[in-house]
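Asker: Build me a model:
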Amino acid sequence: MKKTIIAFLLCVSVVGAHAQSEYKGIMFFQGTVKEVFAKAKQANKLVFVDCYTSWCGPCKWMEKYVFTNDTAANCYNNAFVNYKLDMEKGEGIDFRKQYEVNSFPTYLFLDANGKLVHKSGGRMPTTEFVAIARKASNPQETSSALESRYNNGERSFELLSKYIAILKNSNREKALSVYNELVTQTADKDLLTDNGWALIKLYPLDEESRLYKFLMANKVQFVNKYGSEEVEKIQRTATERALNSAIYKNDKDDFFKRLEAYRHEKNADGGTAAEIELRYYIRNKDYLSFVKVAKHYSHTVLKADDSKLSFIARNCLNSTEDKEVLQQACAMARQAVELNGKEFSNYSTYAELCYKLNNKNEALRAAQISLQVLGDENPKAKKRVESLIEKIQAM
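Answerer: Now for the predicted structure:
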């Protein structure tokens, strides 16, 4: 207890002092698992373990942009004995099984005896990464403490909401289970409180869900208290989810009725509406409509949106062999590249479409550029592009 409180104070105190720090990044202990726990016992600190794999893109991103940040480095170097472990090599294989590491990166905070204190994970900004350290250093806020209270039967709103927030980074299935439990136990009258509003905003809502129906039935009260922009944002997300669901049902009348209503909503995103409509045509094999409408949208609502152009192009790549559709998708992918040549996925999508259309020279050029843009941050994606280049060269 004493050492975690000290660690907590260290993480708090370094935030304002990072300008004077001499640290150049988080310093990771070099040695065996046994040796790192011995070091932690000697230093009277917790062990922070970065559980990674060689192919994990988010792991590389964290290593490059967050672990090198002065604020993060000061906090972690002062509070913990830091350790990196590849989950697919050496001691990492058994370590992964022991601590049930199923996604990467996963962050474990262990005491000197190897007992789990706190667990989190994922790609995140420095502020959130430092906040995790504070939770791990605060005995009342760790994942283990919250789990213990939950397993002992506590079901307060405060506990469940904190527990969900932590589980969302480490166990999404369990997070949803606890979320559904919290929704069930929260009475309608409590949904009108600040806690109820926090619950309504916690996850995207479906139109048929109890929380959404309650929000719409009491929209005036929520707007008066929290503002129309926030309420309309939730409403817009629910509508988009309903439209995405309608794509798979292939009920043309219902889909376009919903789409038209969405387009007339306040602050509706015209680009999103266009993307959804084009995905409807592809999903339901209305290729003539796709080509006609895609040409129009490429010069109007989507003309400056490289991410949506590229996303639609890749959707075509994975959904059809129709030549006219693929040619239109290739044109959209090329437009995305022209808008933003710094995005790896724009070039890789364009390269794959050129390859599929037997345009060897352009496919090879785009694939080689995508490899340069990607760099070494995502080994898995790099391997896919290298494989594509081999196939193009063999044409």
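Asker: which parts of stretch 242-252 are buried?
Answerer: By 16 or more other Cβ atoms under 10 Å, the buried positions in stretch 242-252 come out as 242-243, 246-247. Using the backbone N, CA and C atoms, a C-beta is placed for each residue, glycine as well.
Asker: So which of the residues you listed sit within helices?
Answerer: Using DSSP state H, the subset of these located in helices is 242-243, 246-247.
Asker: and residue 339, how many neighbours?
Answerer: Applying other Cβ atoms under 10 Å, we find 16 residues neighbouring residue 339.
Asker: measure it to residue 298 for me?
Answerer: Remark: distance between residue 339 and residue 298 (Cβ to Cβ, to the nearest Å) = 11 Å.
Asker: Residue 310 too?
Answerer: 12 Å.
Asker: overlap in contacts of the two?
Answerer: Common neighbours of residue 310 and residue 298, counting by Cβ atoms under 8 Å, 6 or more residues apart in numbering, are residue 332.
Asker: Pick out whichever of those two has more residues nearby.
Answerer: Using other Cβ under 10 Å, the more surrounded residue of residue 310 and residue 298 is residue 310, with 25 against 20.
Asker: what about that one, which SS state?
Answerer: helix (DSSP: H, G, I helix; E, B strand; the rest coil).
Asker: Mind pulling the model confidence for it?
Answerer: Here the pLDDT value assigned to residue 310 is 97.
Asker: Quick check, it in contact with residue 330.
Answerer: No - Residue 310 is not in contact with residue 330 according to Cβ atoms under 8 Å; the separation is 11.4 Å.
Asker: Now do the shared contacts for the two.
Answerer: Joint contacts of residue 310 and residue 330 (Cβ under 8 Å, 6+ apart) are residue 350.
Asker: What are the structural domain limits within this protein?
Answerer: The record's domain split for the chain, according to automatic domain parsing, is 2-141, 142-185, 191-265.
Asker: what residue ranges in the stretch 251-395 of the chain score low on pLDDT?
Answerer: Per-residue confidence for the stretch 251-395 of the chain (pLDDT under 70) gives no ranges below the cut-off.
Asker: likewise the stretch 51-200 of the chain?
Answerer: Using pLDDT under 70, nothing in the stretch 51-200 of the chain is flagged.
Asker: Now do the strands in it.
Answerer: 80-86, 106-110, 116-121 (DSSP state E, counting those that start in this stretch).
Asker: And these: which comes nearest residue 386?
Answerer: Smallest distance to residue 386 across these (Cβ to Cβ): 21.3 Å, for strand 80-86.
Asker: quick one: contacts of the closest one?
Answerer: Residues contacting strand 80-86 (Cβ under 8 Å, 6+ apart): 7, 26-29, 33, 36, 39-40, 43, 45-54, 76, 91-92, 95, 109, 133.
Asker: Repeat that for stretch 320-329.
Answerer: So stretch 320-329 is contacted by 282, 285, 287, 290-291, 294-295, 312-313, 316-317, 353, 356-357 (Cβ under 8 Å, 6+ apart).
Asker: Could I get the buried residue list for that stretch?
Answerer: 320, 322, 325-326, 328-329.
Asker: and what of stretch 99-116?
Answerer: Buried-residue list, stretch 99-116, by 16+ other Cβ under 10 Å: 99, 101, 104-112, 114, 116.
Asker: could I have that stretch exported to PDB, CA atoms only?
Answerer: The C-alpha trace of stretch 99-116 is given here as PDB (Å, rounded to 0.1, in the frame of the first residue of the first chain):
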ATOM      1  CA  TYR A  99      -1.700 -13.200 -17.300                       C
ATOM      2  CA  GLU A 100      -4.200 -13.900 -20.100                       C
ATOM      3  CA  VAL A 101      -2.800 -11.400 -22.500                       C
ATOM      4  CA  ASN A 102      -5.100 -11.600 -25.600                       C
ATOM      5  CA  SER A 103      -4.600  -8.200 -27.300                       C
ATOM      6  CA  PHE A 104      -1.600  -6.000 -28.100                       C
ATOM      7  CA  PRO A 105      -0.300  -3.800 -26.600                       C
ATOM      8  CA  THR A 106      -1.400  -4.900 -23.100                       C
ATOM      9  CA  TYR A 107      -0.100  -3.000 -20.100                       C
ATOM     10  CA  LEU A 108       0.400  -4.900 -16.900                       C
ATOM     11  CA  PHE A 109       1.300  -3.500 -13.500                       C
ATOM     12  CA  LEU A 110       2.500  -6.200 -11.100                       C
ATOM     13  CA  ASP A 111       3.900  -6.200  -7.600                       C
ATOM     14  CA  ALA A 112       7.300  -7.700  -6.800                       C
ATOM     15  CA  ASN A 113       5.700 -11.100  -6.200                       C
ATOM     16  CA  GLY A 114       4.100 -11.100  -9.600                       C
ATOM     17  CA  LYS A 115       0.500 -10.400  -8.500                       C
ATOM     18  CA  LEU A 116      -1.600  -8.400 -10.900                       C
END
